[in-house]
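Visitor: got a predicted structure here, sequence first:
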Amino acid sequence: QVQLAESGGGLVQAGGSLRLSCAASGPTFNRYLMGWFRQAPGKEREFVAAISWSASRIYYADSVKGRFTISRDNTKNTVYLQMSSLKLEDTALYYCAADRLFSNNWLDYDYWGQGTQVTVSP
């Protein structure tokens, strides 16, 4: 069982940066692949980035590649999403999720946080 809690969201101007954190509880965090998803109002939840338990495999959505960086610290049971060059279209509720295997489909993930809001202003 893994429990997840996101933090770090907020209001930022376009072109700015934010770092999201996702703290996990549970003794087996370092065996889970961790993912970030986001959901804008009226839209389906979409994949943003994912990182394998050893950080040897990292995946990004094309829309964030080159702007976002996912990382994890297994000693702190935390995964991060560094977001730079933020755009208006990055505005969404951001969720972290955990599962054993990679998927870019949110339906495949077993564990979820409550989400943290990111709002990008002009």
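Guide: Structure received. Residues are numbered from 1 along each chain as shown.

Visitor: show me what the most centrally placed residue in the chain is bridged to.
Guide: Centroid check for the chain by C-alpha atoms, centre = their mean gives W36 as the closest residue, at 2.4 Å. Here W36 shows beta-bridge partners A49, C96, assigned using DSSP bridges.

Visitor: list the contacts of it.
Guide: 20, 22, 48-50, 70, 79, 81, 94-97 (C-beta atoms under 8 Å, 6 or more residues apart in numbering). (Each C-beta comes from the backbone N, C-alpha and C, glycine too.)

Visitor: ok, so of those residues, who is nearest G115?
Guide: Comparing those against G115 with C-beta to C-beta places Y95 closest, at 4.7 Å.

Visitor: how close does the closest one sit to S54?
Guide: The gap separating Y95 from S54 is 22 Å, by C-beta to C-beta, to the nearest Å.

Visitor: neighbour count for those two, which is higher?
Guide: Set Y95 next to S54 and count neighbours by other C-beta atoms under 10 Å: Y95 wins out with 23 against 11.

Visitor: using CSV, write out every CA atom in stretch 18-34.
Guide: Output in CSV follows, covering the C-alpha atoms of stretch 18-34 (Å, rounded to 0.1, in the frame of the first residue of the first chain):
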residue,chain,number,x,y,z
LEU,A,18,7.6,25.6,-10.2
ARG,A,19,8.7,22.4,-8.5
LEU,A,20,6.1,19.9,-7.4
SER,A,21,6.8,17.3,-4.8
CYS,A,22,5.1,14.0,-4.1
ALA,A,23,5.8,12.4,-0.7
ALA,A,24,5.0,8.8,-0.4
SER,A,25,4.4,6.6,2.6
GLY,A,26,4.9,2.9,2.7
PRO,A,27,7.9,0.6,2.9
THR,A,28,8.1,-0.3,-0.7
PHE,A,29,8.1,3.1,-2.4
ASN,A,30,11.5,2.4,-4.0
ARG,A,31,9.9,-0.5,-5.9
TYR,A,32,7.3,1.6,-7.6
LEU,A,33,7.4,3.5,-10.8
MET,A,34,6.1,7.0,-10.2
